[in-house]
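In: Following is a predicted model, sequence given first.
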Amino acid sequence: AQSVTQLGSHVSVSEGALVLLRCNYSSSVPPYLFWYVQYPNQGLQLLLKYTSAATLVKGINGFEAEFKKSETSFHLTKPSAHMSDAAEYFCAVSEPAGNKLTFGGGTRVLVKP
Amino acid sequence: KAGVTQTPRYLIKTRGQQVTLSCSPISGHRSVSWYQQTPGQGLQFLFEYFSETQRNKGNFPGRFSGRQFSNSRSEMNVSTLELGDSALYLCASSSDRAHNSPLHFGNGTRLTVT
């Protein structure tokens, strides 16, 4: 069975500082990995996805993630946090068949002015 | 293009009742998945439908069921509601069944069971 672990349920960063959200996965097959963001009272919005084409994946809103097979990690970063980045972020891995996603527990990001 | 639409946005039900939630996928999308989101358990997969067939099912009791219509719209039903069924129910659609296709989520239906 596949699983995803997100280290840190809450992260606090200052505006303009680096955002780093950690995600580790376990998968018996080459994984497809995703990062989603959820704003209050909304559904999930796709930030980026890894599908083995390139290890460094660029997404929307200035986010990017690096796939490291040796570390089974897919950490999400943004060089400079903005107030609008305050949200909850979810890392997810896809099952080999169909559209079933297994999500990590989520990391809530607070951005301080 | 309109996004995924879920109705209603909010529901309040009493224990023992049943409820039906509706989801209209993005036009042209044939895969519809349902997820339950709670503070304690996080995001959990309920089931996925593709072309009116259930192709994948999560670990939920039989009280949770769903279906998909020929126009790809989907409904999920929860019978004999329990307090623990209080959650945000999210529907997501995708253009195909390939497991690297991104899911597009609706804003959810928040169900409160009293």
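Out: Alright, I've got the coordinates.
In: How many residues are close by the closest residue to chain B within chain A?
Out: Closest contact between chain A and chain B, by CB to the nearest CB, is at A:Gly43 (3.5 Å). Any C-beta I mention is one placed from the backbone N, CA and C, and that applies to glycine too. Look at A:Gly43: counted by other CB atoms under 10 Å in any protein chain shown, it has 22 neighbours.
In: Now do the strands in the chain.
Out: I went with chain A, as the question did not name one. In chain order, chain A shows strands spanning A:3-7, A:10-14, A:19-26, A:33-38, A:44-50, A:56-58, A:64-68, A:73-78, A:87-94, A:101-103, A:107-112, with DSSP state E as the criterion.
In: could you do chain B instead?
Out: Under DSSP E, chain B gives strands at B:5-7, B:10-13, B:19-24, B:31-38, B:42-50, B:53-57, B:64-68, B:74-78, B:87-94, B:104-105, B:109-113.
In: mean pLDDT for these: which is lowest?
Out: Comparing mean pLDDT across the strands of chain B, the lowest value falls on strand B:53-57: a mean of 90.
In: and it, which strands flank it?
Out: Strands flanking strand B:53-57 in the sheet, each with its direction: strand B:42-50 (antiparallel) (DSSP bridges).
In: B:Ile26 versus B:Arg73, what's the distance?
Out: Noted for B:Arg73: a distance of 11 Å to B:Ile26, by CB to CB, to the nearest Å.
In: go on, A:Ala1?
Out: For A:Ala1, the distance to B:Ile26 equals 29 Å [CB to CB].
In: Those two - which one has more neighbours?
Out: Legend: neighbour count by other CB under 10 Å for A:Ala1 and B:Ile26, higher for B:Ile26 (18 against 7).
In: got a list of what that one touches?
Out: For B:Ile26, the contact set (CB atoms under 8 Å, 6 or more residues apart in numbering or on different chains) comprises B:1-4, B:93, B:95, B:104.
In: what's the answer for A:Val11, then?
Out: A:19-21, A:107-110.
In: again with A:Leu48
Out: By CB under 8 Å, 6+ apart, A:Leu48 lies in contact with A:34-35, A:57-60, A:63-65, A:76.
In: from these, which are also near chain B?
Out: On the criterion CB under 8 Å from any CB of the partner chain, A:Phe34 are the entries of those that sit beside chain B.
In: and the gap between the residue nearest to B:Leu81 when sequence neighbours are not counted and B:Gln18?
Out: The shortest distance from B:Leu81 to any residue that is not its chain neighbour, by CB to CB, 6 or more residues apart in numbering or on different chains, is 4.8 Å, and that residue is B:Val113. Counting by CB to CB, the gap between B:Val113 and B:Gln18 amounts to 11 Å.
In: Which residue is the nearest non-sequential neighbour of residue 26?
Out: Using chain A here. Once flanking residues are discounted, A:Ser26 sits nearest to A:Ser3: 4.9 Å by CB to CB, 6+ apart.
In: ah, no, chain B please
Out: Spatial nearest neighbour of B:Ile26, excluding adjacent residues (CB to CB, 6+ apart): B:Ser93 at 5.1 Å.
In: For that neighbour, name its beta-bridge partners.
Out: For B:Ser93, the beta-bridge assignment (DSSP bridges) gives partners B:Val32, B:His104.
In: ok, now which ones touch it?
Out: B:4, B:23, B:25-26, B:29, B:31-33, B:72, B:103-104.
In: Out of those, which is nearest to B:Ser86?
Out: Closest to B:Ser86 out of the contacts of B:Ser93 is B:Cys23 (18.9 Å), distances taken as CB to CB.
In: For that closest one, which non-adjacent residue is closest in space?
Out: In space, B:Cys23 comes closest to B:Cys91 once its chain neighbours are excluded; the distance is 3.5 Å by CB to CB, 6+ apart.
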